[in-house]
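Undergrad: With the sequence up front, the predicted model follows.
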Amino acid sequence: MLEIVKFPNDILRQQMSDFNFKNPITDPKQLEKDMLETMFANDGMGLAANQVGVPVRMFVMGHTQFKDHAQGFFNPIIVENSEIVHDLEESCLSFPGIYANIKRPSAIKARWQNSLGDWEEGEFSGYECKCFLHEYDHLEGLVFKDRVSELKWALAVKKSKPKKRRK
């Protein structure tokens, strides 16, 4: 299992470089496997490569109830955003116990490469969309704290909950 980097580690503020399938810094299938294992072990729904100290444009996403549908997204590109916005609660494995409502598009279209380097395309809505955009932000050097006002963040920190393990 990989170790999760906690804020304010510098890597969380850096824009990540593309994952190079011709000259990979690590095996993409193994990276995907290790990141999914780490995400599920920490009760996450998403995890970006820079959150485990790997400086590339890649994240994993999935839910413990549907592990066979969880997957890695290498070099993701957002093709289209919905104009409709949802205000949904988010948390982050790099900010344990802190929850804040973040306004994001309710749906997106995206392209990405899978762990074999093949391009795929899909649409995401609701919590999947929120999760995709949250992890995409990590690749851009943004954290969810950046998406709320200082006052809203201070309240979220004040109300922070100790992390509970899901069964």
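TA: That came through, no problem. Numbering: from 1, shown residues only.
Undergrad: Which stretches in this protein count as helices?
TA: For the chain, the helices defined by DSSP state H cover 28-41, 126-139, 150-158.
Undergrad: what does the first one contact?
TA: What it means is helix 28-41. Residues from elsewhere that reach helix 28-41, judged by Cβ atoms under 8 Å, 6 or more residues apart in numbering: 1-2, 4, 19, 21, 45-47, 49, 52, 54, 58-60, 62, 64, 67, 70-72, 74, 93, 115-117. Yep, even glycine has a C-beta here, placed from its N, CA and C like the rest.
Undergrad: can you map out the strands along the chain?
TA: All strands of the chain, identified by DSSP state E, fall at 46-48, 58-61, 71-81, 85-92, 95-105, 107-113, 119-125.
Undergrad: now those strands in TSV, with mean pLDDT?
TA: Below are those laid out as TSV (pLDDT from 0 to 100):
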stretch	mean pLDDT
strand 46-48	98
strand 58-61	98
strand 71-81	98
strand 85-92	95
strand 95-105	96
strand 107-113	98
strand 119-125	98
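Undergrad: quick one, which of the helices of the chain is packed in tightest?
TA: Ranked by mean neighbour count, the helices of the chain are led by helix 126-139 with a mean of 20 (mean count of other Cβ atoms under 10 Å).
Undergrad: Could you name the helices and strands sitting against that one?
TA: strand 46-48, strand 58-61, strand 71-81, strand 85-92, strand 95-105, strand 107-113 (3 or more Cβ pairs under 8 Å, 6 or more residues apart in numbering; DSSP states H and E).
Undergrad: Run me through the strand neighbours of the first one, direction for each.
TA: Neighbouring strands of strand 46-48 in its sheet, by DSSP bridges, are strand 58-61 (antiparallel).
Undergrad: closest to residue 99 out of the helices of the chain?
TA: helix 150-158 (6.3 Å; Cβ to Cβ).
Undergrad: by how many degrees do the closest one and strand 85-92 diverge?
TA: 40 degrees (axes from the mean of the first three to the mean of the last three Cα atoms, to 10 degrees).
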